[in-house]
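S.K.: Okay, predicted coordinates and the sequence, questions at the end:
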Amino acid sequence: MYLSGTCEFCGQILSIDEEVETKREADEAAKMICRCREAMEYQARQRSLESGIERIEELFGERCEEYGFNPVSEETVARLKENLRVCAEGGFRKVTVSLEDGSTAVLKFDDIAEIERKKSSKVKLSGKV
Ligand SMILES: [Zn+2]
């Protein structure tokens with residue numbers, strides 16, 4: 001059981017509010033309360049990731065009908081969230097996904113989360129004249 005963790009950025013040992021099982025969780029909790037510059041930047045990124053995840057719910061889940069879109073499956077919503085996490089960790093610069101209804105999801109994380117859903121163009125232009 002851990003009641004304190006180490007901020008990985010500045011090395012400060014901080015007591016945490018809740019007792020956790022692993023050192024890893026304790027260090028993560030310390031990182032979320034430390035006031036050093038790097039930790040605060042990290043916290044801002046985490047907050048942006050959380051609001052990005054909410055935004056994915058809004059643009060692709062049940063509520064997206066309000067914006068004139070068709071909801072996608074829960075599994076697809078979960079995969080989009082997973083991909084946003086990968087972007088936040090620096091794994092992908094940008095993820096573009098073609099969805100079953102023909103719309104496109106664009107996920108980016110460049111210090112802040114950016115989520116877009118685009119409708120496909122109804123008009124197709126032929127390449128031949
Ligand atoms: Zn720190």
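M.R.: Right, received. Where do you want to start?
S.K.: For beta bridges, what are the partners of residue 118?
M.R.: Here residue 118 sits in beta bridges with residue 104, going by DSSP bridges.
S.K.: Measure how buried it is and give me the count.
M.R.: 13 (other C-beta atoms under 10 Å). From N, CA and C alone the C-beta is placed, and that goes for glycine too.
S.K.: Return the distance of it relative to residue 53.
M.R.: Distance of residue 118 to residue 53, computed by C-beta to C-beta, to the nearest Å: 19 Å.
S.K.: Residue 26 too?
M.R.: 24 Å.
S.K.: of the two, who's got more company?
M.R.: residue 26 (23 against 19).
S.K.: Distance-wise, check that one relative to residue 70.
M.R.: From residue 26 to residue 70 the distance is 43 Å (C-beta to C-beta).
S.K.: buried residues in the longest helix anywhere in the chain?
M.R.: The longest helix of the chain (DSSP state H) is helix 37-60. Using 16 or more other C-beta atoms under 10 Å as the test for burial, helix 37-60 gives 39, 42, 45, 48-49, 52-53, 55-56, 59-60.
S.K.: CA atoms only for it, dumped as CSV, please.
M.R.: What follows is helix 37-60, C-alpha atoms only, in CSV (Å, rounded to 0.1, in the frame of the first residue of the first chain):
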residue,chain,number,x,y,z
ARG,A,37,6.3,23.2,-14.2
GLU,A,38,6.6,19.8,-16.0
ALA,A,39,3.9,18.2,-13.8
MET,A,40,1.6,21.1,-14.5
GLU,A,41,2.1,20.7,-18.2
TYR,A,42,1.4,17.0,-17.9
GLN,A,43,-1.8,17.7,-15.9
ALA,A,44,-2.9,20.1,-18.6
ARG,A,45,-2.4,17.4,-21.2
GLN,A,46,-4.3,14.9,-19.1
ARG,A,47,-7.2,17.3,-18.7
SER,A,48,-7.2,17.9,-22.4
LEU,A,49,-7.1,14.2,-23.1
GLU,A,50,-10.1,13.7,-20.8
SER,A,51,-12.1,16.5,-22.5
GLY,A,52,-11.1,15.0,-25.9
ILE,A,53,-12.5,11.7,-24.8
GLU,A,54,-15.8,13.4,-23.8
ARG,A,55,-15.8,15.1,-27.2
ILE,A,56,-15.5,11.7,-28.9
GLU,A,57,-18.6,10.6,-26.9
GLU,A,58,-20.4,13.7,-28.1
LEU,A,59,-19.5,13.5,-31.8
PHE,A,60,-19.7,9.8,-32.3
